[in-house]
Structure formats: C-alpha cells, structure tokens
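Asks: Just to be clear, the model below is a prediction. Sequence and coordinates:
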Amino acid sequence: MARKEGNRTIKLTVRVTPAERDEIAQRAVEAGIRQPMRYVRETALRRLRHSTDRAAIAQLVRIGNNLNQLVRILHAVRASSPKRLMSEIEDRLENIDVAIHQILVKVEALRIGSIEDDPEVQQ
C-alpha cells in the first residue's frame, strides 16, 4: 500500500481519449492498482515500476536457448569442423545481438514513456 504523505489538496486535470483512459485503467489493473488515477500518480512520480514486458522476457528466453544450442554445437563438433563451428556461432551471436537490441529499444521506450509525444504536456 502507498505511504500517506498528508492531504492531497491540489487537483490536476488531464485530458485523454477514451482509448487512452481504457489503456490507463488496464495498466492499473495489471499493476495491481484498482484506482486508475492512483496508478497515474504513482507512475508520474516514478514510485511504480513498469510491468515486465512479456515480449522482452520471451526474447531473453530465446537468447538463453541460443546460448544452450551453442554449447551443444561446441560439444558435438569439438575440433572436427572449426569452420562449421565458427559459422554456427556467428549465426547464433547475430540472433542474440538482434534480440538484445530489440530489448534495449523497448526498455528505453518504457523509460522515456510516451509523455514526450503528447502535445498537451509539452510547453
């Protein structure tokens, strides 16, 4: 439960579209908060961590799988085919690099948020 910091006497009004209101309400539910405005306040004040992106987790799992496959290949070919081994490793590392880049882009988007794109917020 959030800590009490005295009476809240100032009212802020934010205009959103119906779709944005629905998205805020859904994100509040996902964060375990029943009141959408509490979710907005906690998020704006950075007291609330963003929920984990399921796609990012799936990508991390794929990275782990790629690493496991590399180890299996390494054990399977050992010294019999160094060129084949290097080719497989390079392919897998490229997949890992792409997945990490996608995750970093998503993390940066979560960090920055969409507030910069909202003309009503910009001054």
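Replies: Looks like it came in fine.
Asks: separation between Asn95 and Gln69?
Replies: According to CB to CB, to the nearest Å, Asn95 stands 10 Å off from Gln69. Where C-beta positions appear, they are placed from N, C-alpha and C, glycine not excepted.
Asks: pLDDT weak spots in the chain?
Replies: 1-5, 47-55, 77-80, 111-123 (pLDDT under 70).
Asks: That one: helices as residue ranges?
Replies: Along the chain, the stretches classed as helices by DSSP state H are 18-30, 36-44, 54-77, 82-112.
Asks: Flag every buried residue along the shortest one.
Replies: This points to helix 36-44. 36, 39-43 (16 or more other CB atoms under 10 Å).
Asks: and if you look at the third one?
Replies: For helix 54-77, burial by neighbour count (16+ other CB under 10 Å) applies to 56, 59, 63, 66, 70, 73.
Asks: which outside residues touch it?
Replies: Residues outside helix 54-77 that contact it (CB atoms under 8 Å, 6 or more residues apart in numbering) are 84-85, 88-89, 92, 95-96, 99-100, 102-103, 106-107.
Asks: quick one, domains of the chain?
Replies: 12-51, 52-113 (automatic domain parsing).
Asks: Turn the ones you listed into CSV, columns for distance to Gly6.
Replies: Listed next are the domains of the chain as CSV, based on distance: least, CB to CB, whole Å:
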stretch, distance to Gly6
domain 12-51, 14
domain 52-113, 27
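Asks: distance of Asn7 from Ala44?
Replies: Counting by CB to CB, the gap from Asn7 to Ala44 is 19 Å.
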